[in-house]
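Asks: How does the following fold in three dimensions:
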Amino acid sequence: MDNNFIQIKNLGKTFASKDGKLEALRDINLNIGKGTIYGIIGMSGAGKSTLVRCLNFLEKPTRGTVIIDGDDLSGLKDFQLREKRRDCAMIFQHFNLLMQKNVLDNVCFPLTIWGMKKKEARARAREILSIVGLTDKEKAFPAQLSGGQKQRVAIARALAGKPKILLCDEATSALDPQTTKSILKLIKEINEEFGITVVIITHEMAVVREICTDVAIIDDGNLSEYGKVIDVFSHPKTKEAKKLIMDEGREKTGWSDSDSAGNPRLIKGGRVIRIVFTEHSSFEPVIGNMVLDSGYPVNILYANTKNVGGIARGEMLLGLPKEEGQADKMITYLKRRGLAVEEVTDYVE
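Replies: Numbering: from 1, shown residues only. Modelled structure (predicted):
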């Protein structure tokens with residue numbers, strides 16, 4: 001596999017505004033491997049959507065460059081850049097379909113612009129509509145479709161030109177959870193069947209966990225952390241990564257650091273850890289054994305199972321005792337039994 005299929009080098013983007021200059025991106029350096037599903041995640045305003053638009057030079061960087069499959073985009077003439085963009089199809093949060101055209105004509109539209117004959121374009125469009133499961137909707141208009149169906153049309157239109165890269169800018173944010181799952185499943189199937197490199201821009205950790213192989217975290221225009229999804233999920237190194245993971249737990253489960261009566265769940269002065277069970281550690285009653293071994297109780301604040309790249313991973317938050325040295329002993333006990341352990345005290349108090 002080509003691990004340098006997309007190279008982002010020292011990329012920066014500054015916008016001029018009435019209040020002065022706004023630095024949206026600062027010195028971003030990333031390599032995206034061919035055939036991967038790469039997630040770029042961050043909160044609203046972090047700069048991730050600016051970054052994805054810089055990947056195909058729809059937004060030209062102020063500094064640095066992007067190299068795709070050996071071609072430095074900053075060195076291409078305008079007509080060469082237009083040709084290169086055919087390799088980098090985009091899908092968006094709000095679908096961007098032509099409301100006056102039916103499904104078949106929406107998918108044909110880019111093909112006819114590129115000079116493909118109408119009969120050939122329609123044959124290609126029908127082939128792609130079959131792949132996305134919309135064969136029976138070719139005569140329907142966007143207003144007659146559900147949100148999920150509209151996004152499938154947008155995906156079909158993006159695939160029509162046989163791109164090498166699919167850029168997804170918050171492509172599931174306007175969809176309900178069940179539809180989101182079906183669209184992510186479709187994107188994963190497309191990636192596996194056609195070897196298309198997928199870059200997913202999102203603010204949802206659940207989307208990254210579901211299908212991405214790698215992830216980069218953008219915070220306030222900076223590259224905060226990157227790596228394999230399983231590594232970032234199990235061992236987040238930066239406060240931004242830890243916050244995204246903790247916020248997902250709160251959002252999905254309603255967990256908080258106080259009970260329904262407003263009473264604190266935490267032992268005052270105690271520490272809070274997040275543990276992730278591996279496939280080798282999930283069969284032992286490790287928490288119970290730790291309590292018996294130490295003679296001190298712990299407070300289970302939150303527990304859940306999450307899908308990370310198709311593998312179920314148990315996750316738990318524990319409030320540890322405040323007695324001196326006991327928390328460190330418990331953390332050592334858990335690590336020796338193969339659990340990933342991260343301290344998250346600052347994110348729950």
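Asks: My read is that residue 65 contacts residue 73, right?
Replies: Yes. Using Cβ atoms under 8 Å, residue 65 is in contact with residue 73, at 6.4 Å. For every residue, glycine as well, the C-beta is placed using N, CA and C.
Asks: State the number of residues packed around the residue nearest to residue 13 when sequence neighbours are not counted.
Replies: Closest residue to residue 13 apart from its sequence neighbours, by Cβ to Cβ, 6 or more residues apart in numbering: residue 25 at 4.3 Å. Other residues lying near residue 25 total 27 when counted by other Cβ atoms under 10 Å.
Asks: coming back round to it: between residue 65 and residue 73, point out the one with more neighbours.
Replies: Summary of the neighbour comparison: residue 65 and residue 73, criterion other Cβ under 10 Å, with residue 73 having more neighbours (20 against 17).
Asks: residues touching that one, list them.
Replies: Contacts for residue 73 were tallied using Cβ atoms under 8 Å, 6 or more residues apart in numbering; they are 56, 57, 65, 66, 67, 81, 84.
Asks: how many other residues sit next to the first one?
Replies: Spelled out, that is residue 56. When neighbours are counted by other Cβ under 10 Å, residue 56 registers 20.
Asks: pretty sure residue 172 contacts residue 202?
Replies: Yes. Here residue 172 lies in contact with residue 202, judged by Cβ under 8 Å, at a distance of 7.4 Å.
Asks: ok, those two, which is more surrounded?
Replies: The neighbour comparison of residue 172 against residue 202 (other Cβ under 10 Å) goes to residue 172, with 26 against 22.
Asks: Toward the C-terminus, what is the element adjacent to the least confident helix or strand in the chain by mean pLDDT?
Replies: The helix or strand with the lowest mean pLDDT-type score in the chain, counting by mean pLDDT, DSSP states H and E, is helix 239-253 (a mean of 73). Using DSSP states H and E, the helix or strand that follows helix 239-253 in sequence is strand 272-277.
Asks: Would you confirm that residue 40 contacts residue 51?
Replies: Yes. With the criterion set as Cβ under 8 Å, residue 40 and residue 51 qualify as a contacting pair; they are 6.3 Å apart.
Asks: any common contacting residues for those two?
Replies: The overlap between the contact sets of residue 40 and residue 51 (Cβ under 8 Å, 6+ apart) consists of 201, 218.
Asks: Tell me how far the helix or strand containing the residue nearest to residue 13 lies from the chain's centre.
Replies: Using DSSP H and E, residue 25 falls within strand 20-32. The chain centroid and the centroid of strand 20-32 are separated by 18 Å, computed with Cα atoms, centre = their mean, to the nearest Å.
Asks: Check which helices and strands that strand sits against.
Replies: Applying 3 or more Cβ pairs under 8 Å, 6 or more residues apart in numbering; DSSP states H and E, one finds that strand 20-32 contacts strand 6-17, helix 48-55, strand 63-68, strand 214-219, strand 222-228.
Asks: Okay, buried residues for the second one please.
Replies: Counting neighbours by 16 or more other Cβ atoms under 10 Å, one finds that the buried residues in helix 48-55 are 48, 49, 50, 51, 52, 53, 54, 55.
Asks: One more: the last one?
Replies: Using 16+ other Cβ under 10 Å as the burial criterion, the residues of strand 222-228 that qualify are 222, 223, 224, 225, 226, 227.
Asks: out of those, who's nearest residue 127?
Replies: When the buried residues of strand 222-228 are ranked by distance to residue 127 (Cβ to Cβ), residue 226 comes first, at 35.9 Å.
Asks: now the closest one, nearest residue through space, not along the chain?
Replies: Leaving aside its sequence neighbours, residue 226 is closest to residue 216 (4.0 Å, by Cβ to Cβ, 6+ apart).
Asks: partner residues bridging that neighbour?
Replies: residue 40, residue 226 (DSSP bridges).
Asks: and the strand holding residue 25 with strand 214-219, angle?
Replies: In this structure, strand 20-32 runs at an angle of 170 degrees to strand 214-219, with axes from the mean of the first three to the mean of the last three Cα atoms, to 10 degrees as the basis.
Asks: what lines up beside strand 20-32 in the sheet?
Replies: Each strand paired with strand 20-32, and its direction, by DSSP bridges: strand 6-17 (antiparallel).
Asks: could you give the angle of the partner strand to strand 63-68?
Replies: With the same axes, to 10 degrees as the basis, strand 6-17 and strand 63-68 are set at 140 degrees to each other.
Asks: coming back round to it: for the strand holding residue 25, buried residues please.
Replies: Within strand 20-32, the residues that qualify as buried by neighbour count (16+ other Cβ under 10 Å) are 24, 25, 26, 28, 30, 31, 32.
Asks: what's the neighbour count on the closest residue to the fourth one other than its chain neighbours?
Replies: Counting by Cβ to Cβ, 6+ apart, residue 28 lies nearest to residue 11, which is 4.3 Å off, once chain neighbours are set aside. Taking other Cβ under 10 Å as the neighbour definition, residue 11 ends up with a count of 23.
Asks: Is it correct that residue 11 is in contact with residue 65?
Replies: Yes. Applying Cβ under 8 Å as the test, residue 11 and residue 65 come out as touching, 7.0 Å apart.
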